[in-house]
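Asker: need the 3D shape of this:
(one chain, ligands or ions: 2)
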Amino acid sequence: MNDALTIDDLSVRFLLGRKGKAGVVRAASEVSLTLARGRMLALVGESGCGKSVLTSALLGLLPANAQTRGRAVLHAPGGDVDLCTATERTLAQHIRGRRIGLVPQSAAGHLTPVRTARAQLAETVRLIGPPGTDVDDLAERAGIDPAVLDRYPHELSGGMAQRVAFALAMAGDPDVILADEPTTGLDRPLVDRVVGQLATMADNGKAVLLITHDLAAARRVADDVAVMYAGRIVESGPADEVFADPWHPYTRGLLDALPDGTFTPIPGHPPELTNVPDGCAFCARVDHDDPTCTGDATVFTVGERMIAGHRPC
Ligand SMILES: Nc1ncnc2c1ncn2[C@@H]1O[C@H](COP(=O)(O)OP(=O)(O)OP(=O)(O)O)[C@@H](O)[C@H]1O
Ligand code: NI
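Answerer: Ligands and ions are numbered 1, 2, ... in the order given. Next comes the predicted model:
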């Protein structure tokens, strides 16, 4: 089977105040996604829609006020593991770094300031690397110049720090790579290089999740795309099909906002996740009569494509 991770009806909410008396943040609602080996899935959506919460849920890194429902099953050689119910011990000893690698949002911030890139890579390899992993070889595969390895994090450019973060994520040779906004703060050529590197990982058989609000980057490299709005996946499918013929008005709005679209931003703001409107959260924002809107979160699937809340058109 080629599927590496199956997220099934996953919901995450945060209880505010004691037992949620001060409110409930619906950060992710009934999210279903599949990550397949050899493919890159881009998860796109505006800031605050719940993208990072998903990666935290998959890695067992949610804070104590979080409640999770649903399943996220990692198909590992030793058997399936539900990441939502796995113990911290299992996650720490078998999953994080070894089966699922994380490329963090701010690479430089993730590195220990007082140790060289080489020292940090060597330690990670010693802890989680498969036997025989060679630090120089790992660095080379991540595109790191050997001279750079002996530098301290503050001596690294943003692009180099990002490569070190890639090497760290690959040290345990995980099947699944989660990249959470790995291009934030990088300039265009570097963005291209980073997403290109993730695409290469997918080509080499990894299952890659690229979380980004850079729709243009997602369009260039992703095999599959999922569009998230107010905690829900509103549309997903093969990237070329979705981008060529978006069904959901939110996906169309995101594409129109691009410089090579009509460059018109979507008016208004996404709802606060403590107060997601009943019915279609997107139509509540743009306040128009869309005949395809079902007024709820009904899911339609057609072949490999999925749309929620609106009928396929
Ligand atoms: N510990 C927490 N307690 C309460 N609310 C939280 C907590 N962590 C995150 N949230 C809320 O969950 C929602 C989703 O946050 P998340 O970081 O996943 O968004 P995002 O889509 O990744 O945004 P960005 O693109 O800005 O990273 C936000 O409204 C955020 O305020
Ligand atoms: Ni609608």
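
Asker: with adjacent residues omitted, what lies nearest to the residue in the stretch 101-250 of the chain that ligand 2 sits nearest to?
Answerer: Nearest residue of the stretch 101-250 of the chain to ligand 2 (CB to the ion) works out as Pro249 at 6.6 Å. Just so you know, the C-beta spots here come from the backbone N, C-alpha and C atoms, and that holds for glycine as well. Distance criterion CB to CB, 6 or more residues apart in numbering; nearest residue to Pro249, sequence neighbours excluded, is Asp290 at 5.8 Å.

Asker: that neighbour against Cys283, yeah?
Answerer: Yes. At 5.9 Å, Asp290 counts as touching Cys283 under the criterion of CB atoms under 8 Å.

Asker: close to ligand 2: what parts of the stretch 151-300 of the chain are there?
Answerer: Residues of the stretch 151-300 of the chain that fall close to ligand 2, judged by CB under 5 Å from the ion: Cys280, Cys283, Cys293.

Asker: at 8 Å instead, please
Answerer: The stretch 151-300 of the chain has residues Pro249, Gly279, Cys280, Ala281, Phe282, Cys283, Ala284, Asp290, Thr292, Cys293, Thr294, Gly295 near ligand 2, with proximity defined as CB under 8 Å from the ion.

Asker: buried ones among those?
Answerer: Among these, those classed as buried by 16 or more other CB atoms under 10 Å are Pro249, Cys280, Ala281, Phe282, Cys283, Asp290, Cys293, Thr294.

Asker: counting only strands, which of these make the cut?
Answerer: Cross-referencing those against strands under DSSP state E gives no overlap.

Asker: and of these, the nearest to ligand 1?
Answerer: Ala281 (13.0 Å; CB to the nearest ligand atom).

Asker: chain neighbours aside, what residue packs nearest to that closest one?
Answerer: Using CB to CB, 6+ apart, the nearest residue to Ala281 is Ala230, at 4.1 Å.

Asker: who's in contact with the closest residue in space to Ala142 that isn't next to it in sequence?
Answerer: Distance criterion CB to CB, 6+ apart; nearest residue to Ala142, sequence neighbours excluded, is Ala167 at 3.8 Å. Contacts for Ala167 (CB atoms under 8 Å, 6 or more residues apart in numbering) come out as Leu121, Leu138, Ala139, Arg141, Ala142, Ile144.

Asker: where does pLDDT dip in this structure?
Answerer: Scanning the chain for pLDDT under 70 picks out the ranges 1.

Asker: Three-state assignment for the residue nearest to the spatial centre of it, please.
Answerer: Here the mean C-alpha position of the chain is nearest to the C-alpha of Ile211 (CA atoms, centre = their mean), at a distance of 3.3 Å. At Ile211 the chain is in strand, as set by DSSP: H, G, I helix; E, B strand; the rest coil.

Asker: contacts only, for it.
Answerer: Listed by CB under 8 Å, 6+ apart, the contact partners of Ile211 are Ala42, Leu43, Lys51, Ser52, Leu54, Thr55, Leu178, Ala179, Asp180, Glu181.

Asker: okay, and the beta partners of the nearest residue to the third one once chain neighbours are set aside?
Answerer: What it means is Lys51. Nearest non-adjacent residue to Lys51, counting by CB to CB, 6+ apart: Ile211, 4.7 Å away. Beta bridges link Ile211 to Leu43, Asp180, judged by DSSP bridges.

Asker: about what we covered before: find residues that contact each of Asp290 and Cys283.
Answerer: Common contacts of Asp290 and Cys283, defined by CB under 8 Å, 6+ apart, comprise Pro249.

Asker: now the element after whichever helix or strand Ala57 is part of, going C-ward?
Answerer: Per DSSP states H and E, Ala57 falls inside helix 51-59. The helix or strand immediately downstream of helix 51-59 is strand 66-76, counting by DSSP H and E.

Asker: sorry, back to before: what's the most distant pair in the contacts of Ile211?
Answerer: Ala42 and Ser52 (14.5 Å; CB to CB).

Asker: residues near Leu156, how many?
Answerer: 20 (other CB atoms under 10 Å).

Asker: how much space between it and Leu102?
Answerer: Noted for Leu156: a distance of 19 Å to Leu102, by CB to CB, to the nearest Å.

Asker: show me what counts as buried in the strand or helix carrying Arg13.
Answerer: Using DSSP H and E, Arg13 maps to strand 3-16. In terms of neighbour count (16+ other CB under 10 Å), strand 3-16 has its buried residues at Ala4, Leu5, Thr6, Ile7, Leu10, Ser11, Val12, Arg13, Phe14, Leu15.

Asker: for ligand 1, state which of those residues is nearest.
Answerer: Nearest to ligand 1, judged by CB to the nearest ligand atom, of the buried residues of strand 3-16 is Phe14 at 3.5 Å.
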